[in-house]
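Visitor: Below are the sequence and a predicted model for it; my questions follow.
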Amino acid sequence: MAKKTLKNLKFLTQKLRSETGCPWDRKQTIESMLKCLIDETQEVKEAVEKKDYKNLEEELGDVLFQIVMIAEIAKEEKYFDMDGVVEEIYKKIVSRHTWVFGKDKAHTPEEAIAKWQENKKKEKNNSK
Ligand code: MG
């Protein structure tokens, strides 16, 4: 089987949500998927605590799948889509790492986290 990408996962959720898909998946809402996301996140936590990294790979996939499914439902509801989710987090990570992608300096993890918090505060003030 060819290597699968995020794009394949999006198509998979679209198939599950389609008329020829799965009755359970079709019935889900953003609200009903929240419990699945929290449960799978808890399984990630357990895998990390056990240092079971093979299982961690699987559990991270489970979390990713919940996110892709929620984004697919949001797309159907015309709120946003998975591309928007990726776009938003990409922009946020770049804009908050001003010592990597801008002119700021941060030489230690402590300086980096302080800058991150400062940038986060600036964003919140600018969006008011
Ligand atoms: Mg799981």
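Guide: Happy to help now that I have it.

Visitor: near the ion, which residues of this protein show up?
Guide: 40, 43, 59, 62 (Cβ under 5 Å from the ion). C-beta: built from backbone N, CA, C; applies to glycine.

Visitor: can you pull the contacts of the first one?
Guide: Applying Cβ atoms under 8 Å, 6 or more residues apart in numbering, we find residue 40 in contact with 59, 62-63, 65-66.

Visitor: Closest residue of the chain to the ion?
Guide: Sorted by distance to the ion under Cβ to the ion, the residues of the chain start with residue 62, at 3.7 Å.

Visitor: and that residue, helix, strand or coil?
Guide: helix (DSSP: H, G, I helix; E, B strand; the rest coil).

Visitor: Report how many residues lie close to it.
Guide: For residue 62, the count of nearby residues is 16 (other Cβ atoms under 10 Å).

Visitor: After the helix or strand hosting residue 67, heading C-terminal, what element do we hit next?
Guide: Using DSSP states H and E, the element containing residue 67 is helix 53-76. Scanning forward in sequence from helix 53-76 by DSSP H and E, the next helix or strand is helix 82-96.

Visitor: which is the next helix or strand following that following helix?
Guide: Trace forward from helix 82-96 with DSSP H and E and the next one is helix 98-101.

Visitor: what comes up buried for that next one?
Guide: 98-99 (16 or more other Cβ atoms under 10 Å).

Visitor: ditto for stretch 47-55
Guide: For stretch 47-55, the neighbour count (16+ other Cβ under 10 Å) marks residue 47 as buried.

Visitor: do the same with stretch 1-19
Guide: Buried residues in stretch 1-19, counted by 16+ other Cβ under 10 Å: 9-10, 12-13, 16-17.

Visitor: and these as a markdown table, adding distance to residue 117?
Guide: Converted to a markdown table, the buried residues of stretch 1-19 look like this (distance: Cβ to Cβ, whole Å):
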| residue | distance to residue 117 |
| --- | --- |
| 9 | 33 |
| 10 | 33 |
| 12 | 38 |
| 13 | 35 |
| 16 | 39 |
| 17 | 39 |
